[in-house]
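Asker: Test case, fold it:
(chains A and B)
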Amino acid sequence: MEVDDPGAGLAAVVALRRLADRIEDSQVEEAMRAGWSWSDVAEVLGVTRQAVHKKHAKRLIAAGVALRRR
Amino acid sequence: MTTKVNDVRAVLVRGAKAEAIADGSPAIEAEHVLLALTELTGTTTARLLAEAGLTRETFRAALDSEWEQSLSVAGVTVTVAELPKATPDRSRNPQIGETTKLLLKRATATSAGGRIGAAHLLIGALNTNLGRIPRALDLAGINREALQAQAVEAAARGDH
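Answerer: Numbering: from 1, shown residues only, chains lettered A, B, ... in the order given. Below you'll find the model as predicted:
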């Protein structure tokens, strides 16, 4: 990646973070709708089960997703 | 039409927060405030925005274009409209983000110690060359300086 304009390069950082967040939200939701466990999702994301649960459980419960306990 | 101070609070607390939640954003950013301003139906501020070509829909589209363009700098080709969507977390309470704090600082400086009106918030949103708003507006071909000048005039008249 060659960027002459630091403004464009820094904007790319923000854009990539937004993209990662959007894909994480949608794909964790997709996995849980498909019956994945929190532990499996956490393992793929490389974070703890507690971290992924804390970040997504409330939203998914509100969205009516049937969640597995483990 | 004059925007009362309560309306401005409503812009921030209700409108911008709702935009942040819909956006899946962890914080209320400056672009969410500008989106909320476009929704102040019947106000001078929303009229100025609409006359410049900025409605909620056109600004959202401009933000998506900015997102796509910024990703392309990193070599990532994405059509935002085709990205998988997540169910927004309606229970979440996003806090005021850093870009909104800067917007409010600029709006306060413009209000010269008086009450902050919607036109002041608009000036605060436009009076910077950095961040997503100027990039999105440039991509959409909006004359930011002209719009800002109109907002300054409106604010000076107390017409928000």
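
Asker: alpha carbons only for contacts and neighbour counts from here, please
Answerer: OK.

Asker: Quick one: residues contacting the residue nearest to residue A:62 when sequence neighbours are not counted.
Answerer: Distances taken as C-alpha to C-alpha, 6 or more residues apart in numbering or on different chains place residue B:89 nearest to residue A:62, at 7.2 Å, with adjacent residues excluded. Residues counted as contacts of residue B:89 (C-alpha atoms under 8 Å, 6 or more residues apart in numbering or on different chains) are A:58, A:59, A:60, A:62, A:63, B:21, B:24.

Asker: For the helix or strand that contains residue B:147, which helices and strands make contact with it?
Answerer: Per DSSP states H and E: residue B:147 is located in helix B:144-157. Applying 3 or more C-alpha pairs under 8 Å, 6 or more residues apart in numbering or on different chains; DSSP states H and E, one finds that helix B:144-157 contacts helix B:44-51, helix B:118-126, helix B:132-139.

Asker: for those helices, which one ends up most surrounded?
Answerer: Mean neighbour count (mean count of other C-alpha atoms under 10 Å in any protein chain shown) peaks for helix B:118-126 among the helices and strands packed on helix B:144-157, with a mean of 28.

Asker: other SSEs contacting that helix?
Answerer: Going by 3+ C-alpha pairs under 8 Å, 6+ apart, helix B:118-126 lies up against helix B:30-38, helix B:44-51, helix B:98-111, helix B:132-139, helix B:144-157.

Asker: can you do 10 Å?
Answerer: Helix B:118-126 is packed against helix B:5-10, helix B:30-38, helix B:44-51, helix B:98-111, helix B:132-139, helix B:144-157, with contacts defined by 3 or more C-alpha pairs under 10 Å, 6 or more residues apart in numbering or on different chains; DSSP states H and E.

Asker: and the fourth one, what's its mean pLDDT?
Answerer: Helix B:98-111 shows a mean pLDDT of 95.
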